[in-house]
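*Asks:* coords please:
(one chain, ligands or ions: 2)
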Amino acid sequence: MTGFRTVVVGTGFIGPVHVEALGRAGVQVAGVVGSSPEKSIAASQRLGLPADYKTLDDVLADPTVDCVHLTTPNRYHFDQAKAVLQARKHVVCEKPLAMNSTESAELVRIARDSGRAAAVAYNIRFYPLCHEAAARVRNDSLGSLLHVTGSYVQDWLLKPTDFNWRVLAADGGELRAVADIGTHWLDLIQFISGRRITSVCADLRTVYPTRQRPTGPVQTYSGDTPADVATEPVEITTEDCGAIMLRFADGANGCLWVSQTTAGKKNCLRFELAGSKQSLTWDSQSPNALQLGNRDRPNESLVRDPAAMEPTAAAISSYPGGHNEGFPDTFKQLFRSFYGAIEKGILSDPAPYPTFLDGHHEILLCEAILKSHRQQRWVDVASA
Ligand SMILES: NC(=O)C1=CN([C@@H]2O[C@H](COP(=O)(O)OP(=O)(O)OC[C@H]3O[C@@H](n4cnc5c(N)ncnc54)[C@H](OP(=O)(O)O)[C@@H]3O)[C@@H](O)[C@H]2O)C=CC1
Ligand SMILES: O=C1CO[C@H](CO)[C@@H](O)[C@@H]1O
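*Replies:* Ligands and ions are numbered 1, 2, ... in the order given. Presented below is the predicted three-dimensional model:
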């Protein structure tokens, strides 16, 4: 990638992942911005970057910055993405795109009017074998799609003393586990299957209606709250886990289980796509193998190898077979796809990366899921 200058806003868990991946994708990182000027300077020093920008306003005022990546907590995404686009810069926003569909619809409109590219960081699409699965659906290897099942489970919020801004509806949104990790699965499955989910039926559960909040800040995945840290009880309305039945546009159906309270599962997304000829099974904790399930011949395991994969999957695979690729590589590939599309003049849908329209669709899905849970019935997903 030549010529792009990008700034990353947010310096917690995923901000530095963006910084590293941008460097590996060949995009110049011009700086990082934290929640205060002091934190911006400290993070710049930590990451070995110039400390030219103390706030997002500094970044927006600089015409030499082409693009801004937003890796802040969910409640800031709308205002920050809007400001970036209105400053006529490209934007990559972390998921979920916004706190509700009024916000996400407005962002879609602003992005369209801006003539700038706008992506949501649904990075899991960019595991090469997820692109391989999508190509195999398109070339009819699976036959017609019958059903799709799977889960996304973690354990970092297993204890009532585990705390993070995500558990608060005001910071993360009314839905938590579903919006935070479930939407990765829902985005991925719709990308692979090439079909929209049209109706949902959900049953969600808040395992801990009260959690203990440390009186100081807590970073994502920071582990157990130390015993000597003072805490206060906080009422929790967001869900820890839940099941969602799904109907797809062409009649296929399926279900998703989401949980942030499954001991031993650190960050585990699994799917099984069942077609009339073959099934595909994948697990994010072993991302370099895709299982092909056959009825009349032995099952097969496709090990990630550019020489043996469909061209679209080989194109996002940097290393030969046997040289494992993982989570950080997905961001590199997503950013290559995003900046590569801008270089080709692709600034809106359809695009080879998840767009703000995809992000808006995920918010509409979340709203249908919450409504379905509250009313305990099937709910149609509103059209984007
Ligand atoms: N695609 C993926 O795989 C992942 C996506 N995410 C998404 O990324 C986002 C951030 O999550 P995560 O990194 O885990 O969160 P963290 O809490 O670890 O980090 C958030 C960062 O945002 C900074 N921040 C807060 N408010 C502002 C502000 N107004 N301006 C600038 N910076 C601010 C914080 O600074 P300070 O600490 O100084 O307050 C902190 O550096 C979320 O939307 C999340 O859903 C997260 C993880 C993985
Ligand atoms: O992919 C992810 C890994 O876990 C994080 C913490 O729950 C999520 O926010 C994130 O989207």
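
*Asks:* all the helices of the stretch 101-250 of the chain, residue numbers only.
*Replies:* Chain-ordered helices for the stretch 101-250 of the chain, with DSSP state H, counting those that start in this stretch as the definition, fall at 101-114, 128-138, 169-172, 177, 183-193.

*Asks:* single out the most deeply packed of those helices.
*Replies:* Mean neighbour counts were compared across the helices of the stretch 101-250 of the chain using mean count of other C-beta atoms under 10 Å; the top stretch is helix 177, at a mean of 26. To be clear about C-beta, it is placed using only N, CA and C from the backbone, and glycine gets the same treatment.

*Asks:* contacts only, for the closest residue to residue 189 other than its chain neighbours.
*Replies:* The shortest distance from residue 189 to any residue other than its chain neighbours is 5.5 Å, reached at residue 148 (C-beta to C-beta, 6 or more residues apart in numbering). Neighbouring residues of residue 148 by C-beta atoms under 8 Å, 6 or more residues apart in numbering: 189, 193, 246, 248, 252-254, 271-274.

*Asks:* closest one to ligand 2 among the helices of the stretch 101-250 of the chain?
*Replies:* Ranking the helices of the stretch 101-250 of the chain by proximity to ligand 2 (C-beta to the nearest ligand atom) places helix 183-193 first, at 5.7 Å.

*Asks:* what number of residues lie near residue 255?
*Replies:* The tally of other residues near residue 255 (other C-beta atoms under 10 Å) stands at 15.

*Asks:* check residue 143 too.
*Replies:* What residue 143 shows, counting by other C-beta under 10 Å, is a neighbour count of 13.

*Asks:* got the phi and psi for it?
*Replies:* Geometry field for residue 143 lists phi and psi as phi 80, psi -160, criterion degrees, to the nearest 10.

*Asks:* repeat for residue 332
*Replies:* Dihedral angles of residue 332 (phi, psi; degrees, to the nearest 10) stand at phi -60, psi -50.

*Asks:* one more: residue 70?
*Replies:* Its backbone dihedrals place residue 70 at phi -100, psi 110, with angles given as degrees, to the nearest 10.

*Asks:* try residue 39
*Replies:* When quoted as degrees, to the nearest 10, the phi and psi of residue 39 stand at phi -70, psi -30.

*Asks:* which residues touch it?
*Replies:* Taking C-beta under 8 Å, 6+ apart as the contact definition, residue 39 lies against residue 11.

*Asks:* any idea how far it lies from ligand 1?
*Replies:* Residue 39 sits 4 Å away from ligand 1, taking C-beta to the nearest ligand atom, to the nearest Å as the criterion.

*Asks:* just to check, residue 114 is in contact with residue 83?
*Replies:* No - taking C-beta atoms under 8 Å as the contact criterion, residue 114 and residue 83 are not neighbours in contact, 11.4 Å apart.

*Asks:* just confirm residue 329 is within a helix.
*Replies:* Yes - for residue 329, which was evaluated using DSSP: H, G, I helix; E, B strand; the rest coil, the result is membership in a helix.

*Asks:* so where is the stretch 201-350 of the chain shaky, pLDDT-wise?
*Replies:* Flagging of the stretch 201-350 of the chain using pLDDT under 70 yields the residue ranges 217-220.

*Asks:* can you give me the strands for it?
*Replies:* Residue ranges of the strands in the stretch 201-350 of the chain, as given by DSSP state E, counting those that start in this stretch, are 210-214, 231-235, 241-248, 253-259, 268-275, 279-283, 289-293, 300-303.

*Asks:* partner strands of the fourth one, parallel or antiparallel?
*Replies:* With DSSP bridges as the criterion, the sheet partners recorded for strand 253-259 are strand 145-153 (parallel), strand 241-248 (antiparallel).

*Asks:* neighbours around the closest residue in space to residue 199 that isn't next to it in sequence, how many?
*Replies:* Among residues not flanking residue 199 along the chain, residue 247 sits closest, at 4.3 Å (C-beta to C-beta, 6+ apart). Taking other C-beta under 10 Å as the neighbour definition, residue 247 ends up with a count of 17.

*Asks:* ok, now residue 122?
*Replies:* Using other C-beta under 10 Å, residue 122 has 26 neighbouring residues.

*Asks:* is stretch 71-83 up against ligand 2 anywhere?
*Replies:* No - contact between stretch 71-83 and ligand 2 is absent, the nearest approach being 9.3 Å (criterion: C-beta under 6 Å from any ligand atom).

*Asks:* stretch 188-195 and ligand 1 in contact?
*Replies:* No - Stretch 188-195 does not reach ligand 1 (C-beta under 6 Å from any ligand atom); its nearest approach is 11.5 Å.

*Asks:* distance of the residue in the chain that ligand 2 sits nearest to from residue 313?
*Replies:* In the chain, no residue comes nearer to ligand 2 than residue 180, which is 4.6 Å away by C-beta to the nearest ligand atom. Between residue 180 and residue 313 the distance is 27 Å, computed by C-beta to C-beta, to the nearest Å.

*Asks:* try residue 91
*Replies:* Remark: distance between residue 91 and residue 313 (C-beta to C-beta) = 27 Å.

*Asks:* spell out which parts of the stretch 1-150 of the chain neighbour ligand 1.
*Replies:* With C-beta under 6 Å from any ligand atom as the criterion, the stretch 1-150 of the chain comes near ligand 1 at residues 9-15, 33-35, 39, 71-74, 76, 94-95, 121, 123.

*Asks:* so which of the strands paired with strand 253-259 is nearest residue 343?
*Replies:* Checking the strands paired with strand 253-259 against residue 343 by C-beta to C-beta gives strand 145-153 as the closest, at 32.8 Å.
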